[in-house]
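Colleague: Just need the structure, nothing else, for what follows:
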Amino acid sequence: MNSNLNRFIKQFSDLFDKLLEIIPNDKDLKVFKMKFDLLKEINPQLIIISYINYVLPYKLKIMGTKNDFEYFIMNVNINDEITKNNKKILNDIKENNIDSDFLLNKILNLKNIWMDLNINNKEVIYTYFKVLTKLCENYIIQEMRI
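Modeller: Residues are numbered from 1 along each chain as shown. Next up is the predicted model:
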């Protein structure tokens, strides 16, 4: 397995853990984490491919200023992008017996909690997304060499 994929999955898992630490009573997030753990065992590439397809196009917002990132969090609905632009990922998920609500929707639909986060927690999430984006780019480069 691509070493950048391993690091990406670990980082994503750490982000879940951090979010659960920040909002421990979020039942949807707990269920989502269980689905994530299942998918990383079945087909971890599907996770990074979802990120490549639906988050990486917003790289400039993610890697830009905190205001750019906040715009991304508050205005981009990843689930709508997935539904609108690409049915393949939905088919891949169904083939692996993971329901379609798994898609990065919960983790990337942070606007529901964003305004309630303190500045330190916002900074942590911002940093996670920057690292995930960089690892994703490294994964692509490594895959191109193979």
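Colleague: what's the longest helix in the protein?
Modeller: Counting residues, the longest helix found in the chain (DSSP state H) is helix 119-145.
Colleague: Can you point out the buried residues in that helix?
Modeller: Using 16 or more other Cβ atoms under 10 Å as the test for burial, helix 119-145 gives 121-122, 124-126, 128-129, 131-136, 138-139. All C-beta spots, glycine's among them, are computed from the backbone N, C-alpha and C.
Colleague: Trp114 reaches Ile73, doesn't it?
Modeller: Yes: in this structure, Trp114 is within contact of Ile73 by Cβ atoms under 8 Å, at 5.2 Å.
Colleague: Who has more neighbours out of those two?
Modeller: Ile73 (23 against 14; other Cβ atoms under 10 Å).
Colleague: So that one: helix, strand or coil?
Modeller: Secondary structure of Ile73, reduced to three states by DSSP: H, G, I helix; E, B strand; the rest coil: helix.
Colleague: what about the protein, any weak spots by pLDDT?
Modeller: 1, 76-109, 146 (pLDDT under 70).
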